[in-house]
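Enquirer: how would this look folded up:
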Amino acid sequence: MGPKRDCRCSDFHKRILFSDEAHLWLNGYVNKQNCRIWSEANPQVYVETPLNPEKLTVWCALWTGGIIGPYFFKND
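Expert: Sure, this is the predicted structure:
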């Protein structure tokens with residue numbers, strides 16, 4: 001076995017990166033998992049959406065060095 005390694009890192013908090021992405025459909029579709037829309041009325045409207053609509057993906061990250069992004073990716 002090799003030498004023991006010290007796993008403690010004094011600047012560990014500087015190595016943490018938080019990231020997220022969001023998908024935006026270009027035809028106006030809203031993903032109900034990502035958005036909550038509140039209304040006083042409850043219209044029962046049937047809306048058809050294409051099987052594979054064009055969408056845009058946005059990615060961004062935060063870390064101790066600042067903000068990374070946003071980056072935009074067009075998905076067909």
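
Enquirer: how about low-confidence regions in this structure?
Expert: Counting by pLDDT under 70, the chain shows low-confidence ranges at 1-7, 31-52, 76.

Enquirer: go with 90
Expert: Along the chain, the model assigns pLDDT under 90 to residues 1-15, 22-55, 75-76.

Enquirer: And the strands in it?
Expert: 17-25, 55-63, 66-75 (DSSP state E).

Enquirer: what residues does the second one touch?
Expert: I take that to be strand 55-63. Contact with strand 55-63 is made by 14, 16-26, 67-75, as judged by Cβ atoms under 8 Å, 6 or more residues apart in numbering. Where you see a C-beta, it was placed from the backbone N, CA and C, and this is true even at glycine.

Enquirer: in stretch 15-31, what's buried?
Expert: Leu24 (16 or more other Cβ atoms under 10 Å).

Enquirer: For that stretch, output the C-alpha coordinates as PDB.
Expert: These are the backbone C-alpha positions of stretch 15-31, laid out as PDB (Å, rounded to 0.1, in the frame of the first residue of the first chain):
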ATOM      1  CA  ARG A  15     -14.200  23.600  -5.500                       C
ATOM      2  CA  ILE A  16     -18.000  23.400  -5.400                       C
ATOM      3  CA  LEU A  17     -19.900  24.300  -8.600                       C
ATOM      4  CA  PHE A  18     -23.700  24.600  -8.800                       C
ATOM      5  CA  SER A  19     -25.200  24.200 -12.200                       C
ATOM      6  CA  ASP A  20     -28.700  23.900 -13.800                       C
ATOM      7  CA  GLU A  21     -30.300  23.900 -17.200                       C
ATOM      8  CA  ALA A  22     -33.700  24.800 -18.500                       C
ATOM      9  CA  HIS A  23     -35.400  23.800 -21.700                       C
ATOM     10  CA  LEU A  24     -37.500  26.400 -23.500                       C
ATOM     11  CA  TRP A  25     -39.800  25.300 -26.300                       C
ATOM     12  CA  LEU A  26     -39.800  27.700 -29.300                       C
ATOM     13  CA  ASN A  27     -43.500  27.000 -30.100                       C
ATOM     14  CA  GLY A  28     -44.700  28.500 -26.800                       C
ATOM     15  CA  TYR A  29     -45.200  25.200 -24.900                       C
ATOM     16  CA  VAL A  30     -44.600  25.500 -21.100                       C
ATOM     17  CA  ASN A  31     -43.200  22.500 -19.300                       C
END
